[in-house]
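Chemist: Here you go, sequence then predicted model.
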Amino acid sequence: MKTLTLYGPNAIQNVLNDFDRYFGSFLGDSIAPAGRIFNHLPATDIQETENDYVLDMELPGYDEKNIEVHVDGGNLTIASIQEEQEEKKGEDKQGAYLIKERLASAFKRSFRLPENADPEGVSAGFKNGVLSLHIKKRAETKRSIQINAA
């Protein structure tokens, strides 16, 4: 295995996304925010270079102090806990909401690392709402075997 793959896809989420996509315009925009509640997985780009894998995850509005990155064996997990504001039925200190689409929520994504990834060689950076992980590749050991004449 030479690629970084999504670990544990959620079939229920796919069904909800399809429902929102096909019936959203028919039923109106009222279901769109509900669909987004179940669809809060940050967009992620994964790129392979000669020496490492680069994972960029969009996390606008998140604070790097609330993001956790764990490597456990061959699994890479990125999680965050956004504290939800306590609100009373759509009201806050300034008044009642007419539309509320921004949601503060937690997420957790896991990826299976390729066999040639070095779990000890992961570095992370956070800038402008984008988490960047660099996962070093292990040096491949190549060995020549001499064939002896019989």
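Modeler: That came through, no problem.
Chemist: Show the pLDDT at Ile147.
Modeler: pLDDT recorded at Ile147 is 88.
Chemist: That one: neighbour count?
Modeler: 5 (other CB atoms under 10 Å). All C-beta atoms are positioned from the backbone trio N, CA, C, and that covers glycine.
Chemist: Quick check: it vs Glu140, distance?
Modeler: Computed as CB to CB, to the nearest Å, the Ile147 to Glu140 distance reads 22 Å.
Chemist: what's the helix or strand for the nearest residue to Pro119 once chain neighbours are set aside?
Modeler: Among residues not flanking Pro119 along the chain, Val71 sits closest, at 4.6 Å (CB to CB, 6 or more residues apart in numbering). Secondary structure assigned from DSSP states H and E places Val71 in strand 67-72.
Chemist: list the buried ones in that strand?
Modeler: 67, 69, 71 (16 or more other CB atoms under 10 Å).
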